[in-house]
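Peer 1: next input, structure requested:
(chains A, B, C and D)
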There are 2 protein chains.
Amino acid sequence: MFIQLDLESAEPIYIQLQHQIIEGIAKKKLQPGDPLPSVRSLAADIGINLHTVNKAYQYLKQEGFILIHRQKGVVINPDGFPKADEAYKKQLKSSLHPLISNAISRGLGEDDFLRICSDIFNKFKVEGENG
Amino acid sequence: MFIQLDLESAEPIYIQLQHQIIEGIAKKKLQPGDPLPSVRSLAADIGINLHTVNKAYQYLKQEGFILIHRQKGVVINPDGFPKADEAYKKQLKSSLHPLISNAISRGLGEDDFLRICSDIFNKFKVEGENG
DNA sequence: CTAACTGTTATAATATATATATAACAGTTA
DNA sequence: TAACTGTTATATATATATTATAACAGTTAG
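Peer 2: Predicted structure coming up:
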């Protein structure tokens, strides 16, 4: 797997795991139907406990990014991904709000902020083409 | 004060406090030189412990948003605010990255994402005019 | 059938983060 | 002197994060 964790980070491991897998989906390294490692093998692979992996999987399952079949194991949701509904947008705004407060306070203008966002979007586009 | 806390939120109180004060700066409700309540009075005002307030103040002091004079008390930094330097931009990108991964995975396009950011920026502009 | 795997659940232990309570210290101010 | 300031220290309670083991029910490969 392509999972890269920072065990020194203040960000909990299971959160980092969620991010990495969603990032894999965004970059199309992980496509609908693709299998994911079992909780035990992924845990052993990256040197953490299986419960930490399971915690990340449970969130991704609840959000609809992955499916967990008792027999077939864990797969990227073959029926597509959760939609950007109003509940999601509301939560996104809540996350963006303090970031934008901070940016404004530091004198970072709207244009600069949007440019930074665009740059990140573009990075996903080019990386998504290669794989 | 205009501080509004959500004690039910998973977000730690001292983080919410940081956000609220930075938001006050962004909205120009708090301007350079303006005094802030003492740790004890603010804590009593919003019904929390003085150490929780102090934790938020210490962060804001370290970042340069406020000054703490042993005698003059706490004031919004009269000499301006921290700059949007490269270290800050790097940290901002780290915060935005997982948000954008998630957005892309859910099919929220760049235009929609940027529009949401713009809307938030505009809210600060109009609120900043009134006070 | 057995052995090895699957996700799931349970229990326990440990470490860290968060929040509160209380107290004291050194300094300033009314 | 009394009341305030930020700061520091100690203790406690709670929640979260992480690991360690173990077991269960089901599936699958040999």
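
Peer 1: surely residue A:102 is in contact with residue B:25?
Peer 2: No: contact between residue A:102 and residue B:25 fails when scored by C-beta atoms under 8 Å: they sit 9.1 Å apart. Just so you know, the C-beta spots here come from the backbone N, C-alpha and C atoms, and that holds for glycine as well.

Peer 1: and the residue of chain A found nearest DNA strand C, how many neighbours?
Peer 2: For chain A, the residue closest to DNA strand C is residue A:38, as judged by C-beta to the nearest atom of the strand, at 3.0 Å. Residue A:38: 15 surrounding residues under other C-beta atoms under 10 Å in any protein chain shown.

Peer 1: write out the residues of chain A neighbouring DNA strand D.
Peer 2: Residues of chain A lying close to DNA strand D by C-beta under 7 Å from any atom of the strand are A:12-15, A:47-52, A:55, A:70-72.

Peer 1: next up, the contacts around the closest residue to residue A:5 other than its chain neighbours.
Peer 2: Residue nearest to residue A:5 in three dimensions, not counting chain neighbours: residue A:16, with 5.4 Å by C-beta to C-beta, 6 or more residues apart in numbering or on different chains. Going by C-beta atoms under 8 Å, 6 or more residues apart in numbering or on different chains, residue A:16 touches A:5, A:6, A:9.

Peer 1: which of those residues lies closest to residue A:64?
Peer 2: Nearest to residue A:64 among the contacts of residue A:16: residue A:5, at 23.8 Å, using C-beta to C-beta.

Peer 1: ok, that closest one touching residue A:42?
Peer 2: No: contact criterion C-beta under 8 Å: residue A:5 and residue A:42 do not qualify, at 11.2 Å.

Peer 1: so for these two, which sits in the more crowded spot?
Peer 2: Remark: of residue A:5 and residue A:42, residue A:42 carries more neighbours, 22 against 15, as counted by other C-beta under 10 Å.

Peer 1: wasn't the more buried one part of a strand?
Peer 2: No: under the criterion used here (DSSP: H, G, I helix; E, B strand; the rest coil), residue A:42 is helix, not part of a strand.

Peer 1: from residue B:54, how far off is it?
Peer 2: As judged by C-beta to C-beta, to the nearest Å, residue A:42 and residue B:54 stand 41 Å apart.

Peer 1: any residue of stretch A:115-131 touching chain B?
Peer 2: Yes: remark: stretch A:115-131 sits within contact range of chain B at A:116, A:117, A:118, A:120, A:121, A:124, by C-beta under 8 Å from any C-beta of the partner chain.

Peer 1: please save the CA atoms from that stretch in PDB.
Peer 2: Presented in PDB, the C-alpha positions along stretch A:115-131 are these (Å, rounded to 0.1, in the frame of the first residue of the first chain):
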ATOM      1  CA  ARG A 115      -5.100  30.300  -5.700                       C
ATOM      2  CA  ILE A 116      -3.800  27.900  -3.100                       C
ATOM      3  CA  CYS A 117      -7.000  25.800  -3.200                       C
ATOM      4  CA  SER A 118      -6.700  25.800  -7.000                       C
ATOM      5  CA  ASP A 119      -3.200  24.600  -6.900                       C
ATOM      6  CA  ILE A 120      -4.200  21.700  -4.700                       C
ATOM      7  CA  PHE A 121      -7.000  20.800  -7.000                       C
ATOM      8  CA  ASN A 122      -4.600  20.900 -10.000                       C
ATOM      9  CA  LYS A 123      -2.200  18.600  -8.200                       C
ATOM     10  CA  PHE A 124      -5.000  16.000  -7.900                       C
ATOM     11  CA  LYS A 125      -5.800  16.400 -11.600                       C
ATOM     12  CA  VAL A 126      -2.300  15.700 -12.900                       C
ATOM     13  CA  GLU A 127      -1.600  12.900 -10.400                       C
ATOM     14  CA  GLY A 128      -5.000  11.400 -11.300                       C
ATOM     15  CA  GLU A 129      -4.000  11.100 -15.000                       C
ATOM     16  CA  ASN A 130      -0.800   9.100 -14.300                       C
ATOM     17  CA  GLY A 131      -2.300   6.900 -11.600                       C
END
